[in-house]
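In: need a structure here:
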Amino acid sequence: MAILKIETLGSEVLRRRADEVEVVADDPETARLIEDMFETMYDAHGIGLAAPQVGISRRLIVVHVNEEDEKPFALFNPRVVEAGKAKEKGEEGCLSIPNVSALVERPAEVVVEGVDPKGNTVRIEADGMLARCLQHEIDHLDGILFLDRLSPLKRNMILKKYRKQES
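Out: Numbering: from 1, shown residues only. Next up is the predicted model:
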């Protein structure tokens, strides 16, 4: 296993729609990528990571929100198929935009469908932190950052803070 380089704000791969993945069950190369993504996520103290964040334009996410019954999982080609009407604001940060966070409003409940590493179709009904994490990571697959979900004023304040710490 290896810790991969996390792409940061300004990287072109973070702003592109990632490519769909043809899932081949038990593919050793894909299994290694998933292991490396989990190791990278844990090393950076994250709860989710999308393949574009490690420079790979593929529709793959790994998630482990560390809640009671939640086990770590990888999902290919995930998409939100249902979103509840109720919205919630919650603090979000991003491994690709280190040391900044903001309140982001998102649907409180979502249903996500995708494919697991064995090629099985998966349906996840999520709320709370899991719902937020899934939406955040799926956004990455579409070239969307949490900053894009903020008002222009708040986004500019955060970008200014980020650039100041980077210089």
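In: Flag the shaky bits of this structure, pLDDT-wise.
Out: 67-68 (pLDDT under 70).
In: now the strands for it?
Out: Taking DSSP state E, the strands of the chain run over residues 48-50, 60-63, 73-83, 87-94, 97-107, 109-115, 121-127.
In: Of all the ones you listed, which one is nearest residue 31?
Out: With C-beta to C-beta as the criterion, residue 31 lies closest to strand 73-83 of the strands of the chain, at 9.3 Å. To be clear about C-beta, it is placed using only N, CA and C from the backbone, and glycine gets the same treatment.
In: list the buried ones in the closest one?
Out: Applying a neighbour-count criterion of 16 or more other C-beta atoms under 10 Å, one finds 73-78, 80, 83 buried in strand 73-83.
In: Please apply the same query to stretch 38-58.
Out: So stretch 38-58, judged by 16+ other C-beta under 10 Å, has buried residues 38-41, 46-54, 56-58.
In: what's the closest of the residues you listed to residue 128?
Out: Checking the buried residues of stretch 38-58 one by one against residue 128 (C-beta to C-beta), the nearest turns out to be residue 47, at 11.8 Å.
In: how about the spatially closest residue to the closest one that is not a sequence neighbour, phi and psi?
Out: Nearest non-adjacent residue to residue 47, counting by C-beta to C-beta, 6 or more residues apart in numbering: residue 65, 4.8 Å away. Main-chain torsions, residue 65, degrees, to the nearest 10: phi -90, psi 0.
In: which residues touch the residue nearest in space to the middle of the chain?
Out: Ranked by distance to the mean C-alpha position of the chain (C-alpha atoms, centre = their mean), the top residue is residue 137 at 2.0 Å. Contacts for residue 137 (C-beta atoms under 8 Å, 6 or more residues apart in numbering) come out as 48-50, 61, 63, 78.
In: Then residue 114?
Out: 75-79, 121-122, 124.
In: Show me the beta-bridge partners of it.
Out: As for beta bridges, residue 114 partners with residue 122 under DSSP bridges.
In: i'd like the first residue to be 710 from this point on
Out: All right, first residue 710 from here; so that's residue 823.
In: if I pick the closest residue to residue 843 other than its chain neighbours, what's in contact with it?
Out: Excluding the flanking residues, the one nearest residue 843 by C-beta to C-beta, 6+ apart is residue 821, at 5.1 Å. Counting by C-beta under 8 Å, 6+ apart, residue 821 makes contact with 784, 787-790, 832-833, 835, 843, 847.
In: Take those and lay them out in a markdown table including distance to residue 724.
Out: Output for the contacts of residue 821, formatted as a markdown table (distance: C-beta to C-beta, whole Å):
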| residue | distance to residue 724 |
| --- | --- |
| 784 | 22 |
| 787 | 19 |
| 788 | 19 |
| 789 | 20 |
| 790 | 25 |
| 832 | 29 |
| 833 | 26 |
| 835 | 26 |
| 843 | 20 |
| 847 | 15 |
